[in-house]
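In: predicted coordinates and the sequence they were generated for:
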Amino acid sequence: MPGPVKRVYLAGPPHADEYRRRADELVRARGWDPVDPMRRDYRGRTAGNEQEIVEGDLAEIESCDAVLAAFTSPDEGTAMEAWYARTLGRRVVVYTGGAPPHPWTVYVADAICADLDDAVAAL
């Protein structure tokens with residue numbers, strides 16, 4: 001009997017819609033359940049909702065087996081999510097899109113890939 005479906009948290013900048021769409025498809029094709037925090041979309045209304053946003057993200061990361069983090073552009077939230085996942089012992093795979101990784105990115109990542117297909121394969 002197969003085990004439970006593995007879950008992967010899709011970390012990335014709030015406006016990285018194309019990344020989220022492609023990552024969702026690629027992750028599902030590999031049999032993983034993608035968890036996209038942007039389904040709780042607070043764009044344009046973050047003020048006053050910070051605690052709900054962060055606590056929701058933290059709970060979802062805790063519920064996942066791994067984090068796929070898009071570091072294609074600087075984003076504080078993505079950095080914090082990757083760091084938190086690392087502290088929990090979750091696998092952190094970074095997708096850079098070819099951007100040179102920051103030293104902190106290298107530090108928290110289990111794998112760093114320029115190509116999204118390669119990043120999903122590294123999960």
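Out: Received it, and whenever you're ready, just let me know what you need.
In: so residue 58 sits right up against residue 87, yeah?
Out: No: contact criterion C-beta atoms under 8 Å: residue 58 and residue 87 do not qualify, at 10.7 Å. Using the backbone N, CA and C atoms, a C-beta is placed for each residue, glycine as well.
In: who has more neighbours, the two?
Out: residue 58 (15 against 10; other C-beta atoms under 10 Å).
In: all helices for this structure, in order.
Out: Residue ranges of the helices in the chain, as given by DSSP state H, are 17-29, 50-62, 76-87, 103-108, 116-121.
In: can you add mean pLDDT and distance to residue 37 and give these back as TSV?
Out: Shown next, in TSV, are those (pLDDT from 0 to 100; distance: least, C-beta to C-beta, whole Å):
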stretch	mean pLDDT	distance to residue 37
helix 17-29	96	9
helix 50-62	92	5
helix 76-87	96	8
helix 103-108	95	18
helix 116-121	98	17
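In: reformat those as TSV; add distance to residue 10.
Out: Converted to TSV, those look like this (distance: least, C-beta to C-beta, whole Å):
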stretch	distance to residue 10
helix 17-29	5
helix 50-62	10
helix 76-87	10
helix 103-108	16
helix 116-121	10
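In: okay then, goodbye and thanks.
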